[in-house]
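Student: Attaching a predicted model along with its sequence, questions to come.
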Amino acid sequence: MNRSRNIRSVLPRELEDLLLRNGHPAYRVRQILHWLYARRVDTWEAMRNLPESVLRILRENYEIRPSCTAAGQAIRAEDESWKWLWQLADGDYVESVLISAHPGRTGEVARRKTLCVSTQVGCAYGCVFCASGLDGFKRNLTADEIVGQVLAAETQLLAPDSENRSERRIQNLVFMGMGEPLANYDNLLPALTILNADWGGGIGARRITISTCGLVPGIRRLVQEPHQFRLAISLHGPTDEIRERIMPVNRRYPLKDLIEACDEYVSGTGRLITLEYILIANVNDDPALIRPLGQIALRLRAKVNLIPYNRVKGLDWRRPPENRQERFVRELEALGVSATLRREKGHDIDAACGQLRRFVKRSAHPVSTNAAP
Ligand code: SAH
């Protein structure tokens, strides 16, 4: 199958080169971007102010179609989280989870919304606790498939009869869905550029967080980028021994190298990072680990996000009891580390990465169809 590229993977500079080479004025690019990201049309014909000669060039070079279509309706959690399973053009599935920052009380509309976005189909890194890697790695998402999750989620959040397709519903993005974002750097960066641009998604760079299991070369590449994207490191263990047991990537990039790259990131960009630490009972929740964890955080001036483990069907890992979770926050704070215990989001909809896709792949039945937003 030799598809042409989806136009929502393409940056304006390339469009401009193409149009100029064919004798068309550069301002056509602005018009095209407006149709793609403000009006969000999915056919060439809908771009009504473009002459046929321009449309012909676009048609010859690109495809226009939604990159993600909802497979069933969104699944809704009690806490106002939403989860979508998207089907891609080749039949693969990825998922996005929408988290409301201030879960509204009954009947109240929650304000800030964060979408958790996937970057790959499957994952190659095999963290032992994570559902995404259980079936291995399938492929990288293209830039338009990354952008498409956000556009499709926003469309789903609009009332079905809404005329105003350009209204923005999602204010924050976290790349904590399926896959390892920094292993798909060459598609991730154009997608982030589109999602961040005023003409595109309009989501501020400081409201976009890239999460990595610790790919040192990718972290170093990020230091060179002009954008102000945020970086989160999935640490999950403060010693090589613990990290290696649960995250095979630590063999390739041991803690010393990872921390050095983080140091370079912090000094090179002037931006602080967040350390993610899932708490898994009897694996990384020994209070003796609080001090080494705190030392890493203090050295990097990083905030620590503690996340009680979300159970994954088929895996035996569990979260520690609440008093043990709270001891981590308390004692980290006593060391002078800024730490938060993440409030539960989406636990009842299997919001941990990769879980919904696995459920659908394994089940003969379609996704359950709860009410739409
Ligand atoms: N590959 C990237 C991003 C995807 S995972 C990374 O590793 O950061 C996003 C976060 O969810 C990671 O911190 C990951 O370790 C965590 N995670 C995976 N499975 C989880 C589970 N069952 N419960 C809680 N967090 C989980």
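Tutor: Looks like it arrived, so ask away. Residues are numbered from 1 along each chain as shown.
Student: so what's the closest residue in space to Leu173 that isn't next to it in sequence up against?
Tutor: With Cβ to Cβ, 6 or more residues apart in numbering as the criterion, Leu173 has its nearest non-adjacent residue at 4.7 Å, and that residue is Ile208. Quick note: C-beta positions are derived from backbone N, CA and C, even for glycine. By Cβ atoms under 8 Å, 6 or more residues apart in numbering, the contact set of Ile208 is Asn172, Leu173, Val174, Phe175, Leu192, Leu195, Asn196, Phe229, Arg230.
Student: residue boundaries of the helices in the stretch 201-350 of the chain?
Tutor: 216-223, 240-246, 249-252, 255-269, 290-300, 322-334 (DSSP state H, counting those that start in this stretch).
Student: Name the residues of the longest one that are buried.
Tutor: Using 16 or more other Cβ atoms under 10 Å as the burial criterion, the residues of helix 255-269 that qualify are Leu255, Leu258, Ile259, Ala261, Cys262, Tyr265, Val266, Thr269.
Student: now the third one: how far from Arg13?
Tutor: Meaning Ile259. Remark: distance between Ile259 and Arg13 (Cβ to Cβ, to the nearest Å) = 36 Å.
Student: Same check on the first one?
Tutor: With distances defined as Cβ to Cβ, the gap from Leu255 to Arg13 amounts to 39 Å.
Student: circling back: Throw the contacts of Ile208 into JSON lines and include distance to Leu33, pLDDT and neighbour count, thanks.
Tutor: Output for these, formatted as JSON lines (distance: Cβ to Cβ, whole Å; pLDDT from 0 to 100; neighbours: other Cβ atoms under 10 Å):
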{"residue": "Asn172", "distance to Leu33": "22", "pLDDT": "94", "neighbour count": "18"}
{"residue": "Leu173", "distance to Leu33": "19", "pLDDT": "96", "neighbour count": "28"}
{"residue": "Val174", "distance to Leu33": "25", "pLDDT": "95", "neighbour count": "19"}
{"residue": "Phe175", "distance to Leu33": "23", "pLDDT": "96", "neighbour count": "26"}
{"residue": "Leu192", "distance to Leu33": "16", "pLDDT": "98", "neighbour count": "25"}
{"residue": "Leu195", "distance to Leu33": "13", "pLDDT": "98", "neighbour count": "25"}
{"residue": "Asn196", "distance to Leu33": "13", "pLDDT": "97", "neighbour count": "20"}
{"residue": "Phe229", "distance to Leu33": "21", "pLDDT": "95", "neighbour count": "21"}
{"residue": "Arg230", "distance to Leu33": "25", "pLDDT": "96", "neighbour count": "19"}
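Student: Looking at these, which are in helices?
Tutor: Leu192, Leu195, Asn196 (DSSP state H).
Student: Isn't the last one up against His227?
Tutor: Think Asn196. Yes - between Asn196 and His227 there is a contact under Cβ atoms under 8 Å: 6.4 Å.
Student: Mind listing the shared neighbours of these two?
Tutor: Contacts common to Asn196 and His227, judged by Cβ under 8 Å, 6+ apart, are Ala205.
Student: what does stretch 45-56 contact?
Tutor: Leu19, His24, Arg28, Gln31, Ile32, Trp35, Arg39, Val41, Trp44, Leu58.
Student: Tabulate the ones in helices among the contacts of Ile208 (a markdown table), appending distance to the ligand.
Tutor: Listed next are these as a markdown table, based on distance: Cβ to the nearest ligand atom, whole Å:
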| residue | distance to the ligand |
| --- | --- |
| Leu192 | 14 |
| Leu195 | 16 |
| Asn196 | 19 |
